[in-house]
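Q: Have a look; sequence and predicted model below, questions after that.
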Amino acid sequence: MMRVPALCAAAALCGGIHFYGGQAPVAVAATPAASAMVYRLVANGEQACTVVRGAPLDEGLSELRPSPGCEKLMPGLSRARFWREREDGAVAFSADGTDEIAAFASADGEGYESFRPMAPVLSLVAR
């Protein structure tokens, strides 16, 4: 009696392996590194540092990892831990998810340009 269910399970397994071209299916998990985006942040067209937009945390909110050199571009920028996308397409960096350290509007092309702070002017472009 137990042989029928075992035979059915074996047949299903063999059919599944045949369906996948002789290889058993493999589950692939998404990793935060796979979803990370690297940006170049430039101040006044001269100095630059790297920021990484990491894993999404909530609707419009993602992790943010500025490189240590970002503090030279603008004091306080190294405290930024969150990337928030607004409904109007603007992007804000913050230390707590709400209070903005820097805010960027979409620029011509694929990047962003800061409107807060007014100086230095910061450009943010995906690498």
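A: It's in.

Q: And the helices in this structure, which stretches?
A: 3-19, 32-35, 70-73 (DSSP state H).

Q: Give me the mean pLDDT for the last one.
A: Across helix 70-73, the average pLDDT comes to 93.

Q: Quick check: longest strand in this structure by residues?
A: For the chain, the longest strand by residue count, based on DSSP state E, is strand 47-58.

Q: which other residues reach that one?
A: 32, 35-42, 62-70, 72-73, 80, 82-83, 93, 124, 127 (C-beta atoms under 8 Å, 6 or more residues apart in numbering). In short, each C-beta sits where N, CA and C put it, glycine included.

Q: Okay, now the sheet partners of it, with direction.
A: Neighbouring strands of strand 47-58 in its sheet, by DSSP bridges, are strand 37-43 (antiparallel), strand 61-66 (antiparallel).

Q: for it, which positions count as buried?
A: 48, 49, 51, 52, 53, 54 (16 or more other C-beta atoms under 10 Å).
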